[in-house]
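Asker: Fold the following.
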Amino acid sequence: MTAINFNSIYTTYYRRAFLFTLSYVHNDLVAEDIVSEAIIYLWELSKKQEIPSIEAVLITYIRSKSLNYLKHLQVCLLYTSDAADD
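Answerer: From the prediction side, this is the model:
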């Protein structure tokens with residue numbers, strides 16, 4: 001089992017992953033953070049096990065993290081508006 005080269009993952013997938021993430025979160029900085037975290041996760045995972053479909057794992061991870069961010073944002077907005085009403 002050979003780990004995937006970090007630079008090859010980054011150069012191959014970063015741009016598409018960033019645009020995909022941005023379509024969910026609509027915030028450049030958040031999208032950059034999620035994609036960077038996802039690429040590091042993928043690289044570390046590749047050191048432990050063979051990854052049959054890199055793109056599938058990457059997209060699944062990104063979608064999950066993006067949806068978690070949006071849920072967190074919704075909760076923050078709810079509590080912020082409740083606090084403002086008090």
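Asker: now the helix or strand of the chain with the lowest mean pLDDT, how far from the centre of its chain.
Answerer: Least confident helix or strand, the chain: helix 54-85 with a mean of 90, by mean pLDDT, DSSP states H and E. Remark: helix 54-85 is offset 11 Å from the chain centroid, using Cα atoms, centre = their mean, to the nearest Å.
Asker: Check stretch 48-58 too.
Answerer: Using Cα atoms, centre = their mean, the offset of stretch 48-58 from its chain centre is 15 Å.
Asker: Moving C-terminal from the one helix or strand Ile9 maps to, which element do we reach first?
Answerer: For Ile9, the host element (DSSP states H and E) is helix 6-25. Downstream of helix 6-25, the first helix or strand assigned by DSSP H and E is helix 28-48.
Asker: Give me the angle between that next one and helix 54-85.
Answerer: Interaxial angle of helix 28-48 relative to helix 54-85 (axes from the mean of the first three to the mean of the last three Cα atoms, to 10 degrees): 140 degrees.
Asker: Show me what helix 28-48 packs onto, helices and strands only.
Answerer: Counting contacts by 3 or more Cβ pairs under 8 Å, 6 or more residues apart in numbering; DSSP states H and E, helix 28-48 is packed against helix 6-25, helix 54-85. Glycine gets a C-beta too; all of them are placed from N, C-alpha and C.
Asker: Make a markdown table out of the ones you listed and add distance to Ser36.
Answerer: Converted to a markdown table, those look like this (distance: least, Cβ to Cβ, whole Å):
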| stretch | distance to Ser36 |
| --- | --- |
| helix 6-25 | 9 |
| helix 54-85 | 11 |
